[in-house]
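**Student:** Below is the sequence, then the predicted model.
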Amino acid sequence: MDKRTKKLKDLDRRYVWHPFTQMREWMKEDPLVIEKGQGNYLIDTEGNRYLDGVSSLWVTVHGHGKREIDRAVKKQLSKIAHSTLLGLGNVPSIELAERLVKIAPGGLKRVFYSDDGSTAVEIALKIAFQYWEQTNKKNRKRQFIAFTGAYHGDTFGSMSVGEIDIFVKKYRPLLFHAFRAPYPYCYRCPVHKKYPDCKIACLGEFEKVLAKNHKEIAACIIEPLVQGAAGMIVSPPGFLKGVRRITKKYNVLLIADEVATGFGRTGKIFASDLEGVRPDILCLAKGLTGGYLPLAATLTTEKIFNAFLGNYDEFKAFFHGHTYTGNPLGCAAAIANLEIFEKEKVIDGLKGKIEFFAKLLEGLKNMPHVGDVRHMGLMAGVELVKDKKTKKPYSHEKRTGHHVCLEARNKGLIIRPIGDTLVIMPPLSIRKTELKRIFKIVRDSITEVT
Ligand code: PLP
């Protein structure tokens with residue numbers, strides 16, 4: 001190891017507090033320090049190259065160092081890096097808003113910017129809440145409904161609608177109540193075990209809660225088609241559409257959290273498009289800038305927007321705003337990202353890649369310690385199990401998923417597990433030869449560790 005790398009690693013262990021990380025373990029490990037990115041590769045401080053198998057945590061879309069995005073950010077930098085949206089407009093935020101409205105599912109006409117997925121969700125919840133406060137004075141709708149296994153971020157509002165114990169349990173005394181309905185095929189779904197047709201049963205349970213409580217429920221929040229952080233749980237076709245139908249029937253707003261599924265991951269620009277669903281509110285982040293800069297957007301319908309209009313002294317404005325809201329560098333990157341989708345016809349080119357990805361995933365299914373293998377588009381979860389027949393999991397302390405990922409790293413691939421589910425989610429720019437290599441490394445690493 002060269003001197004500089006050693007120093008950086010020591011300083012990292014001494015000063016940096018890493019997210020979702022038991023730092024005692026981290027401080028014993030040998031951290032990898034990334035210095036550059038090139039296409040679908042990450043490069044460390046010693047020049048070693050690694051395939052980016054999780055798109056740098058589900059954000060990178062067209063690869064690292066994509067010329068058009070680099071150029072757009074540099075061009076914007078030569079004009080201005082930041083100017084506020086509080087009391088001023090800025091050029092890229094206006095141009096991006098117009099573009100987003102054009103590609104978003106029909107009916108979404110207004111764009112509220114923030115910085116990351118959690119804030120996009122927080123804003124969606126606040127908008128939904130305030131919308132009803134200002135339009136429905138008698139029957140106040142002050143509750144939310146969300147799904148089992150949901151993950152919507154780490155701020156208090158987004159944690160309240162989230163359900164994954166390990167992320168939210170500690171904070172529960174501070175969280176607000178949310179009604180809960182079963183997400184189909186969710187590994188924790190209580191209905192799934194009882195009924196063969198999980199979709200119908202889950203929609204039935206969902207409708208029951210709405211039928212009883214709709215007068216109190218402002219909005220339903222859902223991760224359309226795939227629950228990412230739950231371990232890439234894929235819902236059956238028609239489920240999202242069913243949720244939309246029922247929310248409409250009971251006058252409950254639908255918030256589509258497409259923070260993970262947006263920007264081509266499922267094979268369409270948005271997962272909602274796969275079922276022709278038009279949510280009332282849409283949350284975007286992660287891939288919005290092609291994975292370059294922290295930027296998020298919450299889109300709403302004109303009807304919702306109009307409920308916030310009034311005289312100044314009615315105080316109907318939306319009282320929310322972050323310092324870097326609508327940051328020009330982020331917006332310039334996002335515009336370039338969307339231009340690439342158009343120019344390179346990225347969505348059209350995905351079909352073949354997704355089929356190849358599915359075939360490679362299929363090849364893992366016969367491995368003795370691989371349980372469920374789930375995927376939608378270029379998002380996949382590969383479950384590792386101690387016993388294939390009974391699907392008995394490994395004990396938590398063994399950290400099997402983590403060890404497989406460390407082994408993959410030794411072989412030149414970066415992936416990250418959720419528990420013992422390996423997440424494979426390469427950039428959309430991944431080539432077939434690179435996909436082949438990813439799966440060879442995954443296979444070899446699973447074999448070695450298990
Ligand atoms: N919503 C979903 C569906 C996500 O998958 C995530 C992050 O993984 C978030 C929200 C939170 O996004 P962020 O980490 O950018 O706050």
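**Tutor:** Thanks, I have it.

**Student:** Give the next helix or strand downstream of the lowest-mean-pLDDT helix or strand in the chain.
**Tutor:** Lowest by mean pLDDT, DSSP states H and E among the helices and strands of the chain is helix 190-194, with a mean of 65. Moving toward the C-terminus from helix 190-194, the next helix or strand (DSSP states H and E) is helix 198-213.

**Student:** For that following helix, name the packing helices and strands.
**Tutor:** Counting contacts by 3 or more C-beta pairs under 8 Å, 6 or more residues apart in numbering; DSSP states H and E, helix 198-213 packs against strand 143-147, strand 179-181, helix 190-194, helix 239-249. No exception for glycine: its C-beta is placed from N, CA and C like everyone else's.

**Student:** most neighbours per residue, which of those?
**Tutor:** Of all the helices and strands packed on helix 198-213, strand 143-147 has the most neighbours on average by mean count of other C-beta atoms under 10 Å, namely a mean of 24.

**Student:** Parallel or antiparallel, which strands does it pair with?
**Tutor:** Strands that pair with strand 143-147, judged by DSSP bridges, come out as strand 179-181 (parallel), strand 217-222 (parallel).

**Student:** Now mean pLDDT and distance to residue 139 too, for those, in JSON lines please.
**Tutor:** As requested, the strands paired with strand 143-147 are exported to JSON lines (pLDDT from 0 to 100; distance: least, C-beta to C-beta, whole Å):
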{"stretch": "strand 179-181", "mean pLDDT": "96", "distance to residue 139": "16"}
{"stretch": "strand 217-222", "mean pLDDT": "98", "distance to residue 139": "10"}
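
**Student:** if we can go back for a sec, include distance to the ligand when you put the helices and strands packed on helix 198-213 into TSV, please.
**Tutor:** Shown next, in TSV, are these (distance: least, C-beta to the nearest ligand atom, whole Å):
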stretch	distance to the ligand
strand 143-147	11
strand 179-181	16
helix 190-194	21
helix 239-249	14
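
**Student:** pLDDT below threshold where in the stretch 151-300 of the chain?
**Tutor:** 186-196 (pLDDT under 70).

**Student:** okay, the helices and strands packed on helix 198-213 in TSV with distance to residue 306 next?
**Tutor:** Rendered in TSV, the data for these read as follows (distance: least, C-beta to C-beta, whole Å):
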stretch	distance to residue 306
strand 143-147	22
strand 179-181	27
helix 190-194	38
helix 239-249	19
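
**Student:** Report pLDDT for the closest residue to residue 292 other than its chain neighbours.
**Tutor:** Computed as C-beta to C-beta, 6 or more residues apart in numbering, the closest residue to residue 292 that is not its neighbour in sequence is residue 333, at 4.2 Å. If you check residue 333, the pLDDT there is 98.

**Student:** The helix or strand hosting residue 333 near the ligand at all?
**Tutor:** Per DSSP H and E: residue 333 is located in helix 328-343. No - judged by C-beta under 6 Å from any ligand atom, helix 328-343 stays clear of the ligand, getting no closer than 12.7 Å.

**Student:** Can you give the contact residues for the next helix or strand after that helix?
**Tutor:** Where DSSP H and E defines the elements, the next helix or strand beyond helix 328-343 is helix 346-362. By C-beta atoms under 8 Å, 6 or more residues apart in numbering, the list of residues contacting helix 346-362 from outside reads 62, 264, 267-269, 340-341, 373, 375, 377-378, 380, 382, 424, 428, 430, 432, 435-436, 438-439.

**Student:** coming back round to it: to what extent is the residue nearest to residue 292 buried, counted in neighbours?
**Tutor:** Applying other C-beta atoms under 10 Å, we find 27 residues neighbouring residue 333.

**Student:** Spell out which parts of the stretch 251-400 of the chain neighbour the ligand.
**Tutor:** Residues of the stretch 251-400 of the chain lying close to the ligand (C-beta under 6 Å from any ligand atom) are 257, 259, 260, 285.

**Student:** so which of those residues is the most crowded?
**Tutor:** Comparing those by number of neighbours (other C-beta under 10 Å), residue 257 comes first, having 33 neighbours.

**Student:** doesn't residue 147 make contact with it?
**Tutor:** No - using C-beta atoms under 8 Å, residue 257 is not in contact with residue 147; the gap is 10.3 Å.

**Student:** sorry, back to before: just the closest of the residues of the stretch 251-400 of the chain next to the ligand to residue 37, please.
**Tutor:** Among these, residue 285 lies closest to residue 37 (C-beta to C-beta), at 19.4 Å.

**Student:** list the contacts for that closest one?
**Tutor:** Residues counted as contacts of residue 285 (C-beta under 8 Å, 6+ apart) are 116, 117, 119, 120, 259, 262, 294, 295, 296, 297.

**Student:** same deal with residue 368?
**Tutor:** Residue 368 neighbours (C-beta under 8 Å, 6+ apart): 388, 450.

**Student:** Next: residue 396.
**Tutor:** Residue 396 touches residue 419, counting by C-beta under 8 Å, 6+ apart.

**Student:** and it, what pLDDT?
**Tutor:** pLDDT, residue 396: 90.

**Student:** What distance do you get for the closest residue to the ligand within the chain to residue 293?
**Tutor:** Nearest residue of the chain to the ligand (C-beta to the nearest ligand atom) works out as residue 117 at 2.1 Å. Distance of residue 117 to residue 293, computed by C-beta to C-beta, to the nearest Å: 14 Å.
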